[in-house]
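**Student:** sequence? don't have it. structure:
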């Protein structure tokens, strides 16, 4: 197996050698840059490789025939049960969409584009929940401020009431007794 290769010196690069490919002496059909088909490749190899490729093709054809038989049987069963045989995997989804639309009869010919799953769905959900938490936190704080202001108002009114005195400086007993009665009622409720 001898190959002939000639070496030339380039005029631009001094002293560099470049190899030019020519047809091989043994196989005049094949050049160095040619592409060969799968069958040519298989026949150029050993019998084992050819057998493996033929076995693969046979297996592929058998699988195709098996799937075709299953599909024919499926269509026969669907026809015998009174249904129209579907047009592939999207059959159920398309029927469900048509039933949901109801009065959208003019859109029956058009198939809706399927929604892609959102890669940021979890992050969006988390952000939405965080936003709700912040909003709820603000509402809680506002409610606490209102409650505190109301309690402070009541406390001021109570101290004003209890700090009232008579001309001689004695506390007004009506207010003191009313306060004691309110405390006893609160204790009884608890």
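**Tutor:** Happy to help now that I have it. Everything numeric in this text was worked out from a predicted model, so none of it was measured. Numbering: from 1, shown residues only.
**Student:** Now the phi/psi pair for residue 165, please.
**Tutor:** In terms of degrees, to the nearest 10, the main-chain angles of residue 165 are phi -130, psi 160.
**Student:** What residues does it make contact with?
**Tutor:** Residue 165 makes contact with 171, 172 under the criterion CB atoms under 8 Å, 6 or more residues apart in numbering. All C-beta atoms are positioned from the backbone trio N, CA, C, and that covers glycine.
**Student:** per-residue confidence for it?
**Tutor:** Note for residue 165: predicted pLDDT of 93.
**Student:** For it, list each beta-bridge partner.
**Tutor:** Residue 165 has these beta-bridge partners by DSSP bridges: residue 171.
**Student:** next SSE after the top helix by length along the chain?
**Tutor:** Secondary structure assigned by DSSP state H gives helix 121-162 as the longest helix of the chain. Downstream of helix 121-162, the first helix or strand assigned by DSSP states H and E is helix 173-189.
**Student:** so residue 171 touches residue 164, yeah?
**Tutor:** Yes - Residue 171 is in contact with residue 164 according to CB atoms under 8 Å; the separation is 7.3 Å.
**Student:** Any stretches of this structure with poor pLDDT?
**Tutor:** 1-33, 41-46, 86-111 (pLDDT under 70).
**Student:** Need phi/psi at the closest residue to residue 124 other than its chain neighbours.
**Tutor:** Spatial nearest neighbour of residue 124, chain neighbours left out: residue 118 (7.1 Å); criterion: CB to CB, 6 or more residues apart in numbering. Backbone torsions of residue 118, given as degrees, to the nearest 10, read phi -80, psi 120.
**Student:** Just give the number of residues close to residue 118.
**Tutor:** 10 (other CB atoms under 10 Å).
**Student:** for the one 10 residues further on, same thing?
**Tutor:** When counting by other CB under 10 Å, one arrives at 10 neighbours for residue 128.
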